[in-house]
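>>> Test case, fold it:
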Amino acid sequence: MKETKARLAALALALTIVAAGVGPAQLRAQGASNPPGTAASAAAGPPPSTGGFFPLSEVRQGMMGTAWTVFSGTKPEPMQVEILGVLRGARGPHQDMILATLRGPRPEYTGVVEGMSGSPVYIGKRLLGAISYRIGQFSKEPIAGITPIEQMMEVRDLPASGLRTADAGHTPASATELATSQSAGPVGAGLNFQEIETPLVMSGFQPAAIQLWERKMAGTSLAMVAAGGMGGSSDMDMKPSAAAEATMEPGSAVSALLVRGDLEISGTCTVTYLDANHLLACGHPILQAGPVSLPMTTADVVTTLASPLNAFKIINTGATVGAFTEDRDSAVGGLLGAQAHMIPMHVAVHGPDGNRQVNVQILDLPSLTPQAVEVVLYDALLESNSSTAETSYHLTGNIDLEGYQPAPLNMWVSAGDPIPAPMEAALQAGERFSQLYSNGARRGDVQSIDLHIDSIPRLVKIDLENARLTSNDIVHAGDTVVVEATIRPWQQPERNIRIPIRLPVRLGPGNVRILVSDASTLDRTLNQPRLMSRPADLRALLAENRRLHADDRIYVSLLVPEAQAGMDGESLTSLPLSVANALEPVRSTDEINMNGESVDVAGEAPAGGLLSGFQVLNIHVEAGGSLN
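Numbers count the residues shown, from 1 in each chain. Here you go, the predicted model:
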C-alpha cells in the first residue's frame, strides 16, 4: 500500500511538472524533492568540464547518463539519458554519433527542442559529448544523437585563427555551401538524422523585414526564425563581463550575435565544455563558416515551447562574455573575455514625422554580411508612422573601406513600382555594398557604413517627354546653343528646362549628336561593357562609383566622333588617333574598352526627382568660326 501511494505521488509530481511547466528549482522552493530516478539533483548542478572525458570506445548499450540544459531561466536542469548504441560514421567518415533516449518529465513532454544543441551528457562525472541531432519532427520518443566530446575537442585545439573572418588562407563559405551544409544531416540505420536547429531570434524587426531575411536565407537553418528578445542594453560597445562569465557552466544557454545594437539577430544553443579560456557549444556548426568573429553572450530562457512540429526555446540574450572564433563541423568554439570584430552601421532617416536613427554592428562574413545590411536598412525604412505606399526615398552616405577613400552612395527610389520602395532601396544599397565588400582585391576591413535617407511623402518619378534645340541645327565650333527639355513629374503639369551648352572649338565640320538623358543612360554610355569577364579591380570599381551621376538631374552630352577608352574605372575621352591606335591591340587582353564616340558632358540642370528617359538630337557643324 505504501509503495502504491509513493508511485502515485511520483506520478502526480511528474504530471504537475508537465502541465504547469514547474521545474526542479521551483519544486525545491516549495520543499518538494526531485523526481525519482534522476541521476543528480538540480541543486548540485552539472559536473565541471575538468572531470575528465568518457571514451567513445567504452560506450555500451544500456548505459545511463545525465544531460543538462536550461528549460527556463538560466540554471541548467538534469535529465536522464539512456544510451542506445554508437552509429559508426553516421556524421561522416570517422565521425561517429552516439544514439540515446532522453528520459524524465521535461524531455518526454517537450521532446528534443531547438536550442538544446550542445547540452552536455555525462556518464558519472565524465563528459561523454553533446546532444546535437534529432530524428524527424514527429517522433513519439525524444531520441537524440550525441556528438562525442573527442571530436568536439578538435575544435578547441585548432590553431588560433584570430577574431575576424578575413584571415589569409581562409576561403569564406558561399551561400550555396551554407545551404548544403545546413539542409542535410547524417543518415544512420535507415533513419534520417538532422542537426537540431539553432533558433534564430530577430529582435526589434518588423514582420516584413523578417520575411525578407527568410527569403534570403531559404535553404539554410538561418531561415527558421523563433520568438525571443534582446539583451537589456543596446550599447554596441559591449565589453565582456567578468561577472557574467562567472555564471557560465556546462548546460548554460549561450548566444552568438550576427547583429547587435538597436536591432539584434542571434542564434542560441547550449554550452558543452568550458575551461579558463575556451568554450565549446552546439555539437554541430551554425554556419559551417570556419573562422568567425561573433559576440558571445549569456542567454535567459523565458520558456520552452513544446510542439510536435517545432519545439524551441524562447530566449533573451544577455551580457557579453567573449567571442566565438570557430564554426566547425563538430562544434562552435570561442574565447572567453575576447572581443569580436564587427562592422558599425549607422542609418539616419529624415521624414515628415521627424528624425530617427538605427545604430547596429553586423557580422563580418562574406556569405551573410550583405544580407544583414539589406535587412537592417529595410527595417529602418519601415519603422515610421508616415511610411506609406507612396513614400519615396533619397539615400546618400558612405561606405568606408580601410586603405581607400570612402565610397559615396547617392540613389533615388520612387514609390509606384512593382517592388515596394523600402525594399527597392534596401536591395539597391545592398547590391552596391556587396560589389565593394565581396571584391577579391579588398584587403582591409570595412570601417563603417553610414547612410542618410530622406523620406519623401510622394512619388518622385519624372519622365523626359522630349527635347529640342531653340535655334537652328546648323552651328559652328565655339557656338553656344540652348537645349530645351520638357519633363513631366508624376501627376503634375509638364515644365520646360533650358540648358545652354558651348560647343568645343576643336569640333571639325560634320554631324554631331547630342544626348539629352537621365543619369543611368549617361553612365551606361560612359562605361561601355568590357570584352573580358574578369571582375573590376577594387580601385577601378571605386573610381567608377565616384563618377556615377545624380539621378535627380538632367544631362546634356555631346557625342563627339572621337575615340574614347575606359580603363581603371576612368573614361578617357577625345583621345588622339595615335593613342587610340596604341590601345587597340591590348583591348582584348586588358580591362580596356574602346568606343568610336567620346561622351562630353556639356551641361546639366536639376530635375527635382528621379528622372528617366533620353533623346538624341543632331546638329551639323559647318566650317568657320563661331557666330557668337
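>>> CA only for contacts and neighbour counts going forward, please
Noted.
>>> Next, the contact list for the residue nearest to Glu494 when sequence neighbours are not counted, please.
Leaving aside its chain neighbours, Glu494 sits nearest to Arg488 (4.2 Å; criterion: C-alpha to C-alpha, 6 or more residues apart in numbering). Applying C-alpha atoms under 8 Å, 6 or more residues apart in numbering to Arg488 gives the contacts Ile462, Asp463, Leu464, Glu465, Glu494, Arg495.
>>> Downstream of the lowest-mean-pLDDT helix or strand in the chain, the next helix or strand is which one?
Lowest by mean pLDDT, DSSP states H and E among the helices and strands of the chain is helix 24-29, with a mean of 33. Moving toward the C-terminus from helix 24-29, the next helix or strand (DSSP states H and E) is strand 64-69.
>>> how long is stretch 121-141 end to end?
Using C-alpha to C-alpha, to the nearest Å, the end-to-end distance of stretch 121-141 comes to 18 Å.
>>> from the middle of its chain, how far away would it be?
31 Å (C-alpha atoms, centre = their mean, to the nearest Å).
>>> before we move on, which element is the residue nearest to Glu494 in?
strand 480-489.
>>> Which positions in that strand come out as buried?
Val481, Val482, Val483, Glu484, Ala485, Ile487, Arg488, Pro489 (16 or more other C-alpha atoms under 10 Å).
>>> which element follows it toward the C-terminus?
Toward the C-terminus from strand 480-489 - assigned by DSSP H and E - lies strand 495-502.
>>> Give me the sheet partners of that following strand and which way each runs.
strand 480-489 (antiparallel) (DSSP bridges).
>>> average pLDDT for the partner strand?
Here strand 480-489 scores 95 as its mean pLDDT.
>>> what's across from the residue lying closest to Met345 once chain neighbours are set aside in the sheet?
Spatial nearest neighbour of Met345, excluding adjacent residues (C-alpha to C-alpha, 6+ apart): Ile449 at 4.6 Å. Counting by DSSP bridges, Ile449 is bridged to Met345, Ile399.
>>> The closest residue to Gly45 other than its chain neighbours and Cys269, how far apart?
Counting by C-alpha to C-alpha, 6+ apart, Gly45 lies nearest to Pro76, which is 6.9 Å off, once chain neighbours are set aside. Separation of Pro76 from Cys269 (C-alpha to C-alpha) stands at 13 Å.
>>> quick one: which of those two has more around it?
For Pro76 and Cys269, the more surrounded residue by other C-alpha atoms under 10 Å is Cys269, and the numbers stand at 31 against 24.
>>> any idea how far Val201 is from the spatially closest residue to that one that is not a sequence neighbour?
Leaving aside its sequence neighbours, Cys269 sits nearest to Gly115 (C-alpha to C-alpha, 6+ apart; 4.4 Å). Distance, Gly115 to Val201, by C-alpha to C-alpha: 11 Å.
>>> got it, and Phe193?
Taken as C-alpha to C-alpha, the span from Phe193 to Val201 is 24 Å.
>>> got it, and Ser119?
From Ser119 to Val201 the distance is 19 Å (C-alpha to C-alpha).
>>> The two - which one has more neighbours?
Ser119 (30 against 27).
>>> if I read this right, the more buried one contacts Val271, doesn't it?
Yes: between Ser119 and Val271 there is a contact at 6.4 Å, judged by C-alpha atoms under 8 Å.
>>> any shared contact partners between the two?
Pro250, Gly251, Ala281, Cys282.
>>> okay, those residues in CSV with neighbour count and secondary structure next?
Shown next, in CSV, are the shared contacts of Ser119 and Val271 (neighbours: other C-alpha atoms under 10 Å; DSSP: H, G, I helix; E, B strand; the rest coil):
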residue, neighbour count, secondary structure
Pro250, 27, coil
Gly251, 31, coil
Ala281, 33, strand
Cys282, 35, coil
